[in-house]
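Peer 1: When you get a sec, could you give me coordinates for this:
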Amino acid sequence: SALQSGWLASSLTRKRGRRPSRRSRTCDRSSDVNVNVGVDAAASDRAAIVTAPVAGRDEDPASAARQSARLALGQFFTPAPVADLALGLILPRDAAVRRRMRVLDPACGDGVFLARAAAAGVGAAVGIEIDPGAVAAARRAAPGATVVAADLFAPGLERRLAPLGPFDAVIGNPPYVRAERLDAAQRGRIADRLRALDGVPATAINAVLGRGDLAAACILRALSLVRPGGAVALVVSSALLDAGYAAALWTAVEGLGRVEVLLEAPGERWFAEAAVNAMVVVLRRAGGAPGTGASGPDDGQVTIARLRTSTAAAAARAPRVGQLAEVADVRLAAGADPTRWAAALRAQPAWFELERVAGPALVTLGTLATVRRGVTSGANEVFYLGRARAAALGLEAPLLVPLLRSPRDGGAAPIDVDPDTTPQLALIC
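Peer 2: This is a model prediction of the structure:
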């Protein structure tokens, strides 16, 4: 709904024909996020959430050069506390059971999840990675793990993995890459793998293939690689909750299993140089004995948690799902209604009181305005400018509008945004 969303993924036009206000403009994470993955632009399916340098971020040339070098080397990987937190949500307490487990990281990057799984006492860890440099780094980080140099969506991968499985859990931080950045060959491989999934509606798969980023495909691929009843814990963008293809993604997930947990750290960014707000999603593949997972039998509810402590402090506690209230504000949402998950994850308590009091008077934005996705240029470095950068270029004021790339840009109260102080501006033509 209009207030619940916090920010809008669109250009808006009043149904009465009025043009939208130019005082401020908001942008969709699915269309404005400038991300790339890995060590070169040609291979966009690498294993870390990263962002290319954006010219408008008012950084000095040396900083920009360092960022470019890090991007070229793929040095933007998951912090160890985030990996520990994700693992803690799915690993059993019993050390003997952990020693019998086999876990898979389908896009292992520099191997942090493999190393942390080994530190947690997991018996066997396997990683998949497409970039040779990252493969070498992962093998150094987790010398006891098996790292397979391969494309996650390559034909025949299951045959290579068969002697190493079955996998009790799948963990990791899949790449977040917009659909238009994938080349035709990669899109074809992804389509072949996803269309081969049993129990998933073809309409949902086609919608994910049409507009979904690579992380969405990786979620489905992960569920297909874990054993029946096994757990999946992935670090992904929270944009997957309300992107244009979100309904299709979660419908596809329902064909393979269920979502158990959504967790974020509202007080910190896990990837300081990435233009995404990340969360941990825990899923369970259908099948297997009930009650054998970390969260017990399916009760039809999704546990949604917002950390009150730092990620490191929460990871040190290694809370199970039932103990999350010790380190987080916890809400429950119906698993059958994914449209409620985003609000449950992001909204302040006042929102739910407003929703209760307003009742039917609170309507969705779509009843008041035409909502559409803006144009995707793929050139954020041209159209997104920091205020100092815009001033240095001497751009005329009529060509610039305030830009809100994240609710966090609004300060302590994201719903109250001063358009004159947003960190960035959008160049409009």
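Peer 1: Now do the strands in the stretch 251-400 of the chain.
Peer 2: Assigned by DSSP state E, counting those that start in this stretch, the stretch 251-400 of the chain shows strands spanning 257-264, 278-285, 301-307, 328-334, 369-372, 384-386, 400-404.
Peer 1: weakest of those strands by average pLDDT?
Peer 2: Lowest mean pLDDT within the strands of the stretch 251-400 of the chain: strand 369-372, at a mean of 84.
Peer 1: And it, what's buried?
Peer 2: Judged by neighbour count using 16 or more other Cβ atoms under 10 Å, the buried positions of strand 369-372 are 369, 371. From N, CA and C alone the C-beta is placed, and that goes for glycine too.
Peer 1: can I get the CA coordinates of that strand in PDB?
Peer 2: Only the C-alpha atoms of strand 369-372 are listed here, as PDB (Å, rounded to 0.1, in the frame of the first residue of the first chain):
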ATOM      1  CA  ALA A 369      -2.300   6.700  -9.400                       C
ATOM      2  CA  THR A 370      -0.900   4.800 -12.400                       C
ATOM      3  CA  VAL A 371       2.200   2.900 -11.300                       C
ATOM      4  CA  ARG A 372       4.700   1.800 -13.800                       C
END
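Peer 1: of all the strands of the stretch 251-400 of the chain, which lies closest to Ala169?
Peer 2: For those, the distance to Ala169 is smallest for strand 278-285, at 9.9 Å, taking Cβ to Cβ.
Peer 1: before we move on, which element is Leu104 in?
Peer 2: strand 102-105 (DSSP states H and E).
Peer 1: centre of the chain versus that strand, how much separation?
Peer 2: Relative to its chain's centre, strand 102-105 lies at 19 Å (Cα atoms, centre = their mean, to the nearest Å).
Peer 1: and that strand, what other elements does it pack with?
Peer 2: Here strand 102-105 touches helix 112-119, strand 124-129, strand 167-172, going by 3 or more Cβ pairs under 8 Å, 6 or more residues apart in numbering; DSSP states H and E.
Peer 1: Can you give the strand pairings for it, parallel or anti for each?
Peer 2: strand 124-129 (parallel), strand 167-172 (parallel) (DSSP bridges).
Peer 1: rewinding a little: can the strands of the stretch 251-400 of the chain go into a markdown table with extra columns for distance to Leu104?
Peer 2: A markdown table is the format used below for the strands of the stretch 251-400 of the chain (distance: least, Cβ to Cβ, whole Å):
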| stretch | distance to Leu104 |
| --- | --- |
| strand 257-264 | 15 |
| strand 278-285 | 12 |
| strand 301-307 | 23 |
| strand 328-334 | 27 |
| strand 369-372 | 39 |
| strand 384-386 | 37 |
| strand 400-404 | 38 |
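Peer 1: Generate a markdown table for the helices and strands packed on strand 102-105, with mean pLDDT, mean neighbour count and distance to Leu263 as supplementary columns.
Peer 2: Formatted as a markdown table, these follow (pLDDT from 0 to 100; neighbours: other Cβ atoms under 10 Å; distance: least, Cβ to Cβ, whole Å):
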| stretch | mean pLDDT | mean neighbour count | distance to Leu263 |
| --- | --- | --- | --- |
| helix 112-119 | 97 | 25 | 16 |
| strand 124-129 | 97 | 26 | 22 |
| strand 167-172 | 97 | 28 | 14 |
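Peer 1: quick one: which of those is nearest Arg93?
Peer 2: The closest of those to Arg93 is strand 167-172. By Cβ to Cβ, the value is 14.4 Å.
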